[in-house]
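In: Sequence plus the predicted model coming up.
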Amino acid sequence: MVRVNQPLDIHHIRFYQASWGVTGMVRQAVLKIGDRTVPLTMKQSFPIPGQPWTGRIEAYLPNFTIGANGEPTTANLEWKNPALLIGIYSKEQKIATLALQAPSPTGPIEDEPWAMFFIQGGHVSTRPPFKLVSAQPMLFSGIQVNYDPGFPIVVAGVLSMLAGLLALFYLHQRRVMVFMAPDADGVRMDVGAWSSRGAQEFQSEFKKLFVDWPLAAVKPSEGA
């Protein structure tokens, strides 16, 4: 099962939930028409009491707005201001569209829900001829599939790089240089040293190595 932040791994093929949203359809909508409660599905027709018309559920808008052409549409797929679109028909000919406020995920539907009739040439707010009790929109989930056969190599490379950085910063290099040359009294020996962390860092260790050295005729200089 694929869940948020819990990908499904099948032989190094991973399935992620990349997105989700609300479609323009409903599984079921329940209308209260007069004293009756009528469950309906998409494109299912029902009679409108007191009128020679029939209604039919045509779309579900998750974030209702009115488009530039004056028609009902959705601003985006975010579930903020849902509305149910019901087509009004007279003898199979569509005469109007009713946009009816639907329950939102943030709270129940209002006691006096808003409704709009859209007819050719404009729209008008109206008192809904029936009440929308509930609506179950169809949701969608976007799945991303990822397959990376080189993942172990990448991990090995990253670990190797970290080991190298640790060695560079915590295991510093040191070098001792001894120069010998003939002298009137025998052999002259000069000793120097180098450290990757600088002279000051290596100064104390250098002194420990050569101050008590039996062959040293003089103490090493401070600038070693």
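Out: That came through fine. None of these values were measured; they are calculated from a predicted model. Numbering: from 1, shown residues only.

In: Show me what the longest helix along the chain is packed against.
Out: Ranked by number of residues, the top helix in the chain under DSSP state H is helix 151-170. The contact analysis (3 or more CB pairs under 8 Å, 6 or more residues apart in numbering; DSSP states H and E) places helix 151-170 against no helix or strand. For glycine as for every other residue, the C-beta is placed from the backbone atoms N, C-alpha and C.

In: And for it, what's in contact with it?
Out: H12, D148 (CB atoms under 8 Å, 6 or more residues apart in numbering).

In: chain center to that helix, what's the gap?
Out: Relative to the centre of its chain, helix 151-170 is centred 28 Å away, using CA atoms, centre = their mean, to the nearest Å.

In: Could you point out the helix or strand that follows it?
Out: strand 174-183 (DSSP states H and E).

In: Please name every helix or strand in contact with the helix or strand following that next one.
Out: Next in sequence after strand 174-183, counting helices and strands by DSSP H and E, comes strand 186-195. Packing partners of strand 186-195 (3+ CB pairs under 8 Å, 6+ apart): strand 174-183, helix 199-210.

In: Tell me which of these sits most buried.
Out: For the helices and strands packed on strand 186-195, average neighbour numbers computed from mean count of other CB atoms under 10 Å are highest in helix 199-210, which has a mean of 14.

In: Quick check: mean pLDDT of that helix?
Out: Across helix 199-210, pLDDT averages out at 74.

In: just stretch 65-80 next, same as before
Out: 88.

In: same question, stretch 167-185
Out: pLDDT averaged over stretch 167-185 gives 80.

In: again, but for stretch 27-37
Out: 88.

In: buried residues in it?
Out: By neighbour count on 16 or more other CB atoms under 10 Å, the buried set for stretch 27-37 is A29, L31, I33.

In: Show me what it is in contact with.
Out: The contact list for stretch 27-37 (CB under 8 Å, 6+ apart) reads 38-41, 46, 48-49, 57, 84, 102, 130-138.

In: Need the buried ones from the residues you listed selected in ChimeraX.
Out: A single ChimeraX command selects the buried members of these (16+ other CB under 10 Å):
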select :40,46,48,57,84,102,130,131,132,134,135,137
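
In: all strands for this protein, in order.
Out: 8-10, 13-33, 36-40, 45-47, 54-61, 64-66, 72-74, 83-90, 93-101, 115-119, 122-125, 131-147, 174-183, 186-195 (DSSP state E).

In: could you check the angle strand 174-183 makes with the last one?
Out: Pointing back at strand 186-195 there. Angle of strand 186-195 versus strand 174-183, following axes from the mean of the first three to the mean of the last three CA atoms, to 10 degrees, is 160 degrees.
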